[in-house]
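[1] This is a predicted model, with the sequence first.
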Amino acid sequence: MLSVRNLKVEFVTRRGILRAIDDISFDIAPGEILGMVGESGAGKSLTGTAIIGLIDPPGRISGGEILLSGKRIDNLPKEELRKIRGKRIGMIFQDPLTSLNPIYKISEQLVETIRAHSDMGKAQAREQAIGLLTEVGIPAPEKRIDGYPHEFSGGMRQRVVIALALCAEPDLIIADEPTTALDVSVQAQIITLLKKLCRDRGTAVMLVTHDMGVIAETADRVAVIYAGRIAEIGSVREVVQRAKHPYASGLMGAIPTLEAFEDRLVQIPGAMPRLNAIPSGCAFNPRCNRVFARCLRERPGLMPVGSSMVACWHYADGREGVPA
Amino acid sequence: MTGFVEVCGLRKVFDVSKPWLERTLELAPRQFLKAVDGLSFNITKGETFALVGESGSGKSTVARMVVGLLAPTAGEVKVAGVSMSSAAAANEREQLRRKIQMVFQDPYASLNPRWRVSDIIAEPIRAFGLLTEPKAIEKRVSDLLEMVGLSPLDGVKFPHQFSGGQRQRVAISRALASNPEFIVCDEPTSALDVSVQAQILNLMRDLQDRLGLTYLFISHNLSVVSHMATTIGVMYLGRLVEVSPAKQIFSAPRHPYTIMLLDAVPDLAMTGRARIPIQGEIPSPITPPSGCTFHPRCPLASERCRREAPSVISGVACHAVEEGRNDMARKRPMR
C-alpha cells in the first residue's frame, strides 16, 4: 500500500543543515497497522508529515521516494497532493480539540469533508456523517451531530476526529499519537475502536506513538526510530518480547510494568543527541552498553536478524547473538 | 494508626457559578464543583502513598491542599502533628514549611526561565534562611546538583539549556534544597519520555532510600505507580474508592473501578488475557451521579448503589464488595 524508500528530510538553518530523518525505508500492507515508536525528537511525527506532504520550509524532503499503491506521491504538484490528502490518506492528530474547528458544528465539519471528496448532496452527506458517527460509537448521533466540539468530552472528540479521517474512505490513515491526550480508560476504548475499524475496512494505518503499550495492543509490526533512523523493525511480538537492538531493548526495559515489582527500572544513560550533534557511526553509540570499535566508525544498515531487521553491528556477519 | 501525614475529611468545593448579573438575569442557580469530597488517609513516614485516577478525579486538588497552596473547604491536613490550616498552629506551621516541598508536572513551566539554575536551587535555602554565607550556599547547591545526577558546572546555565529530564532533575534538587521530609510529586514524569521517565523514577527511589523521604505521588499511570508506591489510593470524582497496599491493589483489586483501571492498562506481555470492556467516561463533577458516583459505569450497580453513597469499609467504598457480590474481583496472576 505505502512504501517509503530511503526518505531523508532536512531542515536548512543558519547554522547548517539538520537532517531530521536520515534514510528511513518501510512498507505498510493494506489492512496492516505499523507502529512507530521513539522518543520525542526521534522523527516519528515528521515521517508522517512527510508522507502527507505537509513539511513546511525550512524543512524539505531531500531524498528518497514515497509511493502510494505503487505511484510516487512525494514529487506531485501541490494541487494533486491536495486531492490525495484526506481522500486517500487520512490523518488523526494528537489533540482532538485543536484538530476540530471550535466555531463550526460537528455536522458542518463532517459534511464539508465528505462533500470535498465526493459529489454527494448535502442531505446525503449528512446521512453518511450520521452513519460514521454511529460507527465510531457516539451515542445518539442524530442529536450529537449538531453539537459543537466543546460540547464533547476528550474521548468523544477523538471519536469525531476518527470519523473525520474515515470520511473519504482512505487507503491509509496516519494516526499521530491518537491516544496521548486521553485517560487510560478512554485510551483503551479508542485503541479498540481504531483497530476494529481498520480491520473491517482494510485500511492501512501508520500509528505514531511513544507509548509501547499502545503499540503492543494495536500494531502488527513496529519500527523503533532513533535520531531519525530506524533502529529495529519487525513484528510486534518479536520487538516487544525479544528486542534485539540495544536501544529497543533498553526502551522496553524502561517501561514500568504492572506485574513486575523490580527495584529499579532499566535505564538508558544520557539523552537522544541533538540533530546538530549526531555522532558518527551508529547514532546510538554514546549511550550503548555494547559499543565496540566498528560502531564508532561505520553506520550500520538494517540487517536481517531472525524475522526482524536490526541496524546494529552486533548482528553483522558472525557476531550474531553476542550476549549483552 | 497515626501517620506522618494525616488527611481527615478533606473537602474542596469550588464555586463555578456564572457572574452575579448573568445569574440574576437568567435566574440560574449557583453552581458548585465538589473537587474533593470527604477524603481521609494516612501516610506513614518513609513510605510512598500514591493517588491514582482519571483526569478530573481531584488528585491535583488534594496535592495542593496537602502542601497548603489551597485552603480546604472542610477537613484538615496534619503533617507531623501540625495542622496545615488552623490559625492556632501558625508558628509551628512556619517551622514545618521547609519540611514540605513539591515537584510539579511540567518542568518547562515550573522553573523560572530568567533565573540561572543555581539561583533556582538556592531560592529555598535563601528564603528559609538556612545558610547565609554565599560560599556555603554555593557548596550546598553543587552538592544538590550532584545528588540528582547533574554536574555542579550546570549551575550557571539557564533552564532552556536543559532537556525535559534534566529540568525535572533541577526541580527535584530545588525541592531537596531545604532538607524536606515530605515531598508531594504531582505527575512528575508524565511530561517525559519513557527512557527519561525511568531515570527520574530510579532517581526518586534512590533519594528516598538515602534521605528517608516520604512521598505523596500523584499519577494517572498505574504502571508508574506500581513501581513507586507502597500504598495506593484510587480516586474517583473526588472520593477515595479503594485504599490498599500496592501489592494488593495489583494482585487482588476489589473495587470495580480499580479493576477497570487495571484492565485498561495496555498489556505489554501480550498474554491476551480477557478483560472487561470499559464503559463510558468520567462524569462532570458539577453534576455527579446520585448515590455511588461510579454506578453509571459499574457492571455491578444495583438499586442501592443508585440511591446511597457507599462508605469506606476496610479500604473499599463499594456496596457490591460489602455485600459480597463482586465476582469481578479475582486473583490476578503475579509474575
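    Here it is on my side, so go on.
[2] switch to C-alpha atoms for all contacts and neighbour counts from now on
    OK.
[3] Enumerate every residue touching the closest residue to A:Ser99 other than its chain neighbours.
    Take A:Ser99 and drop its neighbours on the chain: the residue closest to it by Cα to Cα, 6 or more residues apart in numbering or on different chains is A:Phe93, 6.7 Å away. A:Phe93 makes contacts with A:99, A:175-178, as judged by Cα atoms under 8 Å, 6 or more residues apart in numbering or on different chains.
[4] same question, A:Gly137
    For A:Gly137, the contacting residues are A:Arg159, by Cα under 8 Å, 6+ apart.
[5] Produce a PyMOL select command limited to the buried residues of the contacts of A:Phe93.
    Burial among the contacts of A:Phe93 is assessed by 16 or more other Cα atoms under 10 Å in any protein chain shown; the matching PyMOL selection reads:
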select buried, chain A and resi 175+176+177+178
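[6] How about stretch B:128-147 and chain A, any contact?
    No. Shown here: stretch B:128-147 not in contact with chain A (Cα under 8 Å from any Cα of the partner chain), separated by at least 15.1 Å.
[7] Quick one: residues in contact with that stretch.
    By Cα under 8 Å, 6+ apart, the list of residues contacting stretch B:128-147 reads B:98, B:118, B:121-122, B:125-126, B:151-155, B:170, B:173, B:176-178.
[8] starting at the chain centroid, how far to that stretch?
    29 Å (Cα atoms, centre = their mean, to the nearest Å).
[9] which stretches of the chain have low pLDDT?
    Unless you meant another one, I'm taking chain A. Counting by pLDDT under 70, chain A contains low-confidence residues at A:259-263, A:317-324.
[10] my bad, chain B
    Ranges of chain B meeting pLDDT under 70: B:1-2, B:267-278, B:326-335.
[11] longest helix anywhere in it?
    Across chain B, the longest stretch assigned as helix under DSSP state H is helix B:194-211.
[12] List of residues touching it?
    Under Cα under 8 Å, 6+ apart, the answer for helix B:194-211 is A:39, A:210-211, A:250-251, A:254-256, A:264-269, A:271, B:46, B:148, B:165, B:168-169, B:189-190, B:213-214, B:228.
[13] before we move on, the earlier item: could you flag which of the contacts of stretch B:128-147 are buried?
    Among those, the ones that count as buried by 16+ other Cα under 10 Å are B:98, B:118, B:121-122, B:125-126, B:152, B:154-155, B:170, B:173, B:176-178.
[14] picking that back up, chain center to the longest helix of chain B: distance?
    That offset, for helix B:194-211, works out to 17 Å (Cα atoms, centre = their mean).
[15] List the buried residues in it.
    So helix B:194-211, judged by 16+ other Cα under 10 Å, has buried residues B:194-208.
[16] Would you map the strands across chain A?
    A:2-13, A:16-28, A:33-37, A:59-68, A:71-72, A:89-92, A:172-176, A:204-208, A:221-226, A:229-235, A:303-305, A:308-310 (DSSP state E).
[17] now those strands as JSON lines including distance to chain B?
    Converted to JSON lines, the strands of chain A look like this (distance: least, Cα to the nearest Cα, whole Å):
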{"stretch": "strand A:2-13", "distance to chain B": "19"}
{"stretch": "strand A:16-28", "distance to chain B": "18"}
{"stretch": "strand A:33-37", "distance to chain B": "11"}
{"stretch": "strand A:59-68", "distance to chain B": "23"}
{"stretch": "strand A:71-72", "distance to chain B": "34"}
{"stretch": "strand A:89-92", "distance to chain B": "20"}
{"stretch": "strand A:172-176", "distance to chain B": "16"}
{"stretch": "strand A:204-208", "distance to chain B": "14"}
{"stretch": "strand A:221-226", "distance to chain B": "12"}
{"stretch": "strand A:229-235", "distance to chain B": "13"}
{"stretch": "strand A:303-305", "distance to chain B": "21"}
{"stretch": "strand A:308-310", "distance to chain B": "18"}
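[18] Count the residues that sit near the residue lying closest to B:Cys298 once chain neighbours are set aside.
    In space, and not counting its chain neighbours, B:Cys298 is closest to B:Pro256: 6.7 Å by Cα to Cα, 6+ apart. Other residues within reach of B:Pro256, judged by other Cα atoms under 10 Å in any protein chain shown, total 25.
[19] hang on, the earlier thing: just the buried subset of the contacts of helix B:194-211, please.
    By 16+ other Cα under 10 Å, the contacts of helix B:194-211 give A:39, A:210-211, A:250-251, A:254-256, A:264-268, A:271, B:46, B:148, B:165, B:168-169, B:189, B:213-214, B:228 as buried.
[20] Hmm, A:Ile225 and A:Ala283 touching each other?
    No. Using Cα atoms under 8 Å, A:Ala283 is not in contact with A:Ile225; the gap is 11.0 Å.
[21] Can you list the buried residues in stretch B:256-263?
    Going by 16+ other Cα under 10 Å, stretch B:256-263 has these buried residues: B:256-263.
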